[in-house]
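Colleague: For reference, the sequence and a predicted model appear below.
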Amino acid sequence: MPSHHAGVARQAAAVLAAPLATGVMLVAVTPPAAADPPERFRISYSLVEQDPCDPGTLMTVSFELDAAAHEHETMTLEKGHIDITTSDGYVGRDTFTAVATPSTFVISEQAVVANPDTGARFKVQFVVVESAQGLVVDRTSFTCLRAPAT
């Protein structure tokens, strides 16, 4: 993984882990009962990244997550949609999933975004796995699928 991607997945995981951490604590002290309805939430965050289809260009990538957290006995599951836009014209929408148990946190997300003006497309992927011993996997990639039309 190129060094400019280091920590991007960890940053996203930290943003998403806050609702999960609270949910895990609640699960630990709540007696067994019928499942509650999922709790809806929205999270927004941005980062600066190199355009994978135009490596000399920096872009601001904005993520808007619309999700639901659902608690099950000893785990919390988050699923939702993620809208991605960039300062240089890319747009896309896809899904993400996060799971937290007392000993593990896993999040994965992938999306394909396209620039309708240039025809360029790239894939955004990240996976974070943390255990009680610490970070196990932290993979982020921005991969060009189609370069801009010339």
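Modeller: Ah, there it is.

Colleague: nearest spatial neighbour of Ile43, skipping sequence neighbours?
Modeller: Leu65 (4.5 Å; CB to CB, 6 or more residues apart in numbering). In short, each C-beta sits where N, CA and C put it, glycine included.

Colleague: what about Thr150, neighbour count?
Modeller: Thr150 is flanked by 5 other residues according to other CB atoms under 10 Å.

Colleague: re earlier: for the residue nearest to Ile43, give its distance to Gln50.
Modeller: Using CB to CB, to the nearest Å, Leu65 is found at 23 Å from Gln50.

Colleague: more neighbours, those two?
Modeller: Leu65 (21 against 15).

Colleague: wait, isn't the more buried one in contact with Gly80?
Modeller: Yes: between Leu65 and Gly80 there is a contact at 5.7 Å, judged by CB atoms under 8 Å.

Colleague: what is in contact with the two at once?
Modeller: Applying CB atoms under 8 Å, 6 or more residues apart in numbering, one finds that Leu65 and Gly80 are jointly contacted by Phe96.

Colleague: Show me the shaky parts of this structure.
Modeller: Along the chain, the parts satisfying pLDDT under 70 run over 1-36.

Colleague: so where do the strands sit in it?
Modeller: Per DSSP state E, the chain carries strands over the ranges 39-50, 58-72, 75-86, 91-100, 104-114, 121-131, 134-146.

Colleague: Direction included, what does the fourth one pair against?
Modeller: This means strand 91-100. The strands beside strand 91-100 in its sheet (DSSP bridges) come out as strand 75-86 (antiparallel), strand 104-114 (antiparallel).
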